[in-house]
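Student: turn this into a model:
(chains A and B)
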There are 2 protein chains.
Amino acid sequence: MARVVVDVMLKPEILDPQGQAVANALPRLGVDGVSSVRIGKRIEIEFEGSADLDRAQEIADKLLANPVIEDFTLRVEEEPALATADASAAEGGEQ
Amino acid sequence: MARVVVDVMLKPEILDPQGQAVANALPRLGVDGVSSVRIGKRIEIEFEGSADLDRAQEIADKLLANPVIEDFTLRVEEEPALATADASAAEGGEQ
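Tutor: Numbering: from 1, shown residues only, chains lettered A, B, ... in the order given. Predicted structure coming up:
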């Protein structure tokens, strides 16, 4: 199995109220030095055979991104991005 | 400015109805060969100075991920991931 990751973000000129809400909450947590926060979608498409970027592009065009307000990028991801090894290396909570 | 990207995904054992809805729609679009689709969040945190992974971890722990049902990973991203060059290289719509 192979995985294609589609990252969908609002176009830079589009206001991101969710991201701004997070950015505005940071000072109350005592976190500074952050100039902006933008929130988008990460979609993991698992293919039965080899990763098919053309097909992933088709899926993103038709179902995952609104071309009027969003940009997206595609990449093949070999190792499982959130395998337990990765998750425990950078994961919060369990530490 | 430097950017840390936080990818938040539902834990593998948690049902992902959004992802399943996309996966179920694929045959109607004539797309096959996809075994699963999972949808999560991609958060881009821009730091004024250098990228601060500890601070990004703190933000993710407190605001971005629910440790009961979600895993997250952090990484520093040098070049702007969705710079126009990237977007037009892999973007749908404008081609």
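
Student: helices of chain A, start to end?
Tutor: Using DSSP state H, the helices of chain A run over A:17-25, A:53-59, A:84-90.

Student: packing partners of the second one?
Tutor: Here helix A:53-59 touches strand A:2-10, strand A:34-47, strand A:70-77, going by 3 or more CB pairs under 8 Å, 6 or more residues apart in numbering or on different chains; DSSP states H and E. Bear in mind the C-beta positions are built from the backbone N, C-alpha and C, glycine included.

Student: could you give me the buried positions within it?
Tutor: Going by neighbour count (16 or more other CB atoms under 10 Å in any protein chain shown), the buried part of helix A:53-59 is A:55-59.

Student: that one - what's its average pLDDT?
Tutor: For helix A:53-59, the mean pLDDT works out to 94.

Student: got a list of what the residue nearest to A:Glu70 when sequence neighbours are not counted touches?
Tutor: Nearest residue to A:Glu70, sequence neighbours excluded (CB to CB, 6 or more residues apart in numbering or on different chains): A:Val8, at 5.3 Å. By CB atoms under 8 Å, 6 or more residues apart in numbering or on different chains, A:Val8 lies in contact with A:40-43, A:60, A:64-65, A:70-72, B:42.

Student: for the record, mean pLDDT for stretch A:35-47?
Tutor: Rounded mean pLDDT across stretch A:35-47 is 97.
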